[in-house]
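**Q** take this sequence and fold it.
(2 chains)
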2 protein chains.
Amino acid sequence: MKLKIYGDRMSQPTRAIIIFCKVNGIDFEEIRIDIAKGQHRSPEFKEINPMGQVPAIVDGRFKLFESHAILSYIACAFPGVSDHWYPADLSKRAKINSVLDWHHSNLRRGSASFVLNTVLAPALGLPLNPQAAAEAEKVLTSSLSKIESIWLKGNGKFLLGSHQPSIADLSLICEIMQLKLLDENDYDRILGPHKKVLQWIDNLKIATKPHFEEVHEVLYKAKARFHNNRLLLANNKMTTSTNTTTPSKL
Amino acid sequence: MKLKIYGDRMSQPTRAIIIFCKVNGIDFEEIRIDIAKGQHRSPEFKEINPMGQVPAIVDGRFKLFESHAILSYIACAFPGVSDHWYPADLSKRAKINSVLDWHHSNLRRGSASFVLNTVLAPALGLPLNPQAAAEAEKVLTSSLSKIESIWLKGNGKFLLGSHQPSIADLSLICEIMQLKLLDENDYDRILGPHKKVLQWIDNLKIATKPHFEEVHEVLYKAKARFHNNRLLLANNKMTTSTNTTTPSKL
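**A** Below is the predicted model:
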């Protein structure tokens, strides 16, 4: 029975798992759980993941959620996955686990909260929270600095000085790609100073070609949609403002 | 060369690692990094963990931080650790990883932030943040409910319906033990309704006897100190209040 991946490509950890399977030639069935429609909260999906979050997998009768646990499980359970993704060597594996554990309360916390509180909340029918956004930006910026000075220390193309990517590179970079949804000024302000991070993202795109870009297409389309919506909103505001402040000129 | 554990028993993940080593007869040297004195931010300690956080370990020339990565590394690298702590079976191991990953953004986030913003901040010279405490309580309470309804589902004594503990039981319970520092009303309000969680904690105390209680002694002493400080503060307030409102009676 084929591996089933339940997810939404708008979700960064869902994309990481799909890219990982594609790059490693693992046959899978993708079952879309549309977050914007609240399908992750449906009773049917809660039979798969009682926490009501994507991604989740079903492998035969085995159900699993939490993307890092899923990535390490797939890397070990399916034949043909190159060792560099999740090395059998204990020390190398432990270092990758260390990056993945660090990710939760640092890069992921900062990035997910910043994107939610600047651009995503209105699309999900939630209020924006500028104070939460400001706090998230601090965590995000500090995390990007730590990635550069600690995890990307040395001359390797990938995390931990490695010359080939691991599941940690994939997880962290899919998180950073979510920042594409931001207003371009925000994106440039936050990512611009981190040249090493930008180079690292390019390295992964090349190493996982063409799957990385193909799986991110949904995100790129959403980015264009968000951008257009911002332009429309700005135009409307300008018209309203013109109407309000200078009615005599109309 | 003996395994070195750098940590502070006031830190919940430090305690988890020390208990794990003691229960499994792993010989180690404990190097205290006093958080209250800011020793985790010293240049010497940053040579061990550049993130400046405890716990961290050094095993020969190998350095590692992030407690979950440390626990799984020790479970695999040292002989004589019973399989139930971190099973070799892929599916069982994946489920334990899933609990550990879930922990970061749920129980840990709620518990650590609630304790910090109700009792710990003043001891660390930080301001209290009641709004952050209120938000943290929601995350904490929801996490405890999910532990009961999802992770402790069934009749096992431990997480995932197991009859013996895993590193996930140890990590999550050491986190919950931190709530002992709270004012007793807060502790009872939050933990009281979660009878299954309370029973689960007792099960782990028995399974890891006498190490669990011995390693938690530092926390119990801090709890008594915090309690006395609160009494002193309340008495002072009462005296001040009496002085202020009824001066004629003095």
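**Q** contact partners for residue A:99?
**A** By C-beta atoms under 8 Å, 6 or more residues apart in numbering or on different chains, the contact list for residue A:99 reads A:151, A:159-160, A:166, A:168, A:172. (Each C-beta comes from the backbone N, C-alpha and C, glycine too.)
**Q** can you tell me the helix or strand for it?
**A** Using DSSP states H and E, the element containing residue A:99 is helix A:90-103.
**Q** distance between that helix and the chain's centre?
**A** 19 Å (C-alpha atoms, centre = their mean, to the nearest Å).
**Q** so residue A:28 is in contact with residue A:3, correct?
**A** Yes - under the criterion of C-beta atoms under 8 Å, residue A:28 makes contact with residue A:3 at 4.3 Å.
**Q** list the buried residues for the longest helix seen in chain A?
**A** When chain A is scanned for its longest helix (criterion: DSSP state H), the result is helix A:217-245. Residues of helix A:217-245 classed as buried: A:219, A:222-223, A:226 (neighbour count, 16 or more other C-beta atoms under 10 Å in any protein chain shown).
**Q** and stretch A:123-133, by the same measure?
**A** Using 16+ other C-beta under 10 Å as the burial criterion, the residues of stretch A:123-133 that qualify are A:123, A:132-133.
**Q** identify the contacts common to residue A:28 and residue A:3.
**A** With C-beta under 8 Å, 6+ apart as the test, residue A:28 and residue A:3 both reach residue A:21.
**Q** for the helix or strand harbouring residue A:44, what is the average pLDDT?
**A** Using DSSP H and E, the secondary-structure element containing residue A:44 is helix A:43-48. Average pLDDT, helix A:43-48: 98.
**Q** any part of that helix near chain B?
**A** No - no part of helix A:43-48 sits near chain B under the criterion C-beta under 8 Å from any C-beta of the partner chain; the closest distance found is 10.0 Å.
**Q** distance from the chain centre to that helix, please.
**A** On the basis of C-alpha atoms, centre = their mean, the separation between the geometric centre of helix A:43-48 and that of its chain is 23 Å.
**Q** give me the three-state assignment for residue A:5.
**A** Assigned by DSSP: H, G, I helix; E, B strand; the rest coil, the conformation of residue A:5 is strand.
**Q** ok, it - how many residues close by?
**A** The local packing of residue A:5 (other C-beta atoms under 10 Å in any protein chain shown) involves 25 other residues.
**Q** what helices or strands is the following helix or strand past the helix holding residue A:99 leaning on?
**A** Sequence-wise, the next helix or strand beyond helix A:90-103 is helix A:109-115, with elements assigned using DSSP H and E. Contact partners of helix A:109-115 among helices and strands, from 3 or more C-beta pairs under 8 Å, 6 or more residues apart in numbering or on different chains; DSSP states H and E: helix A:130-146, helix A:167-177.
**Q** C-alpha coordinates for helix A:109-115, PDB please?
**A** Extracted in PDB, the C-alpha atoms of helix A:109-115 (Å, rounded to 0.1, in the frame of the first residue of the first chain):
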ATOM      1  CA  ARG A 109       8.400  30.200  16.400                       C
ATOM      2  CA  GLY A 110       9.600  33.500  15.000                       C
ATOM      3  CA  SER A 111       8.800  32.900  11.400                       C
ATOM      4  CA  ALA A 112       5.400  31.300  11.700                       C
ATOM      5  CA  SER A 113       4.200  33.900  14.200                       C
ATOM      6  CA  PHE A 114       5.600  36.800  12.100                       C
ATOM      7  CA  VAL A 115       3.900  35.600   8.900                       C
END
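**Q** which strand or helix spans the nearest residue to residue A:148 once chain neighbours are set aside?
**A** What sits nearest to residue A:148 in space, not counting adjacent residues and going by C-beta to C-beta, 6 or more residues apart in numbering or on different chains, is residue A:196, at 4.6 Å. Counting by DSSP H and E, the element that carries residue A:196 is helix A:195-207.
**Q** in chain A, where is pLDDT below threshold?
**A** Counting by pLDDT under 70, chain A contains low-confidence residues at A:240-250.
**Q** roughly how far does the residue nearest to residue A:148 sit from chain B?
**A** Note on residue A:196: its distance to chain B, by C-beta to the nearest C-beta, to the nearest Å, is 16 Å.
**Q** pretty sure that residue sits against residue A:150.
**A** No - proximity of residue A:196 to residue A:150 does not meet the contact threshold set by C-beta under 8 Å, at 11.3 Å.
**Q** OK, contacts around the residue lying closest to residue A:66 once chain neighbours are set aside?
**A** Spatially, and ignoring its direct neighbours in sequence, residue A:66 is nearest to residue B:101 (3.9 Å; C-beta to C-beta, 6+ apart). Shown here is residue B:101, whose contacts under the criterion C-beta under 8 Å, 6+ apart are A:66-69, A:100, A:104.
**Q** again, 6 Å this time
**A** The contact partners of residue B:101, by C-beta atoms under 6 Å, 6 or more residues apart in numbering or on different chains, come to A:66, A:68-69.
**Q** select from the residues you listed every entry located in helices.
**A** Among these, the residues falling in helices (DSSP H) are A:68-69.
**Q** can you confirm residue A:51 is in a strand?
**A** No - the secondary structure assignment for residue A:51 gives coil rather than a strand, going by three-state DSSP.
**Q** please report phi then psi for it.
**A** In terms of degrees, to the nearest 10, the main-chain angles of residue A:51 are phi -80, psi -10.
**Q** okay, now the closest residue to it other than its chain neighbours: neighbour count?
**A** Among residues not flanking residue A:51 along the chain, residue A:65 sits closest, at 6.3 Å (C-beta to C-beta, 6+ apart). Residue A:65 is surrounded by 22 other residues when neighbours are defined as other C-beta under 10 Å.
**Q** that's a strand at residue A:64, yeah?
**A** Yes - secondary structure assignment (three-state DSSP) places residue A:64 inside a strand.
**Q** so it versus chain B, what's the distance?
**A** When C-beta to the nearest C-beta is the yardstick, residue A:64 and chain B sit 6 Å from each other.
**Q** do I have it right that that residue meets residue A:55?
**A** No - under the criterion of C-beta atoms under 6 Å, residue A:64 lies out of contact with residue A:55, with a separation of 9.4 Å.
**Q** the more surrounded of the two?
**A** Set side by side, residue A:64 and residue A:55 give different neighbour counts by other C-beta under 10 Å, the larger being at residue A:55 (27 against 21).
**Q** list the contacts of the closest residue to the more buried one other than its chain neighbours.
**A** Once flanking residues are discounted, residue A:55 sits nearest to residue A:7: 3.8 Å by C-beta to C-beta, 6+ apart. The neighbours of residue A:7, taking C-beta under 6 Å, 6+ apart as the test, are A:14, A:54-55.
**Q** so if we follow the domain assignment, how does chain A break up?
**A** The record, using automatic domain parsing to delimit domains, assigns chain A the ranges A:3-81, A:87-223.
**Q** as a markdown table, those domains with distance to residue B:20 would be great.
**A** Conversion of these to a markdown table gives the following (distance: least, C-beta to C-beta, whole Å):
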| stretch | distance to residue B:20 |
| --- | --- |
| domain A:3-81 | 20 |
| domain A:87-223 | 15 |
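**Q** closest one to residue B:95 among these?
**A** domain A:3-81 (7.1 Å; C-beta to C-beta).
**Q** quick one: distance of that closest one to the chain centre.
**A** Centroid separation between domain A:3-81 and its chain, computed with C-alpha atoms, centre = their mean, is 14 Å.
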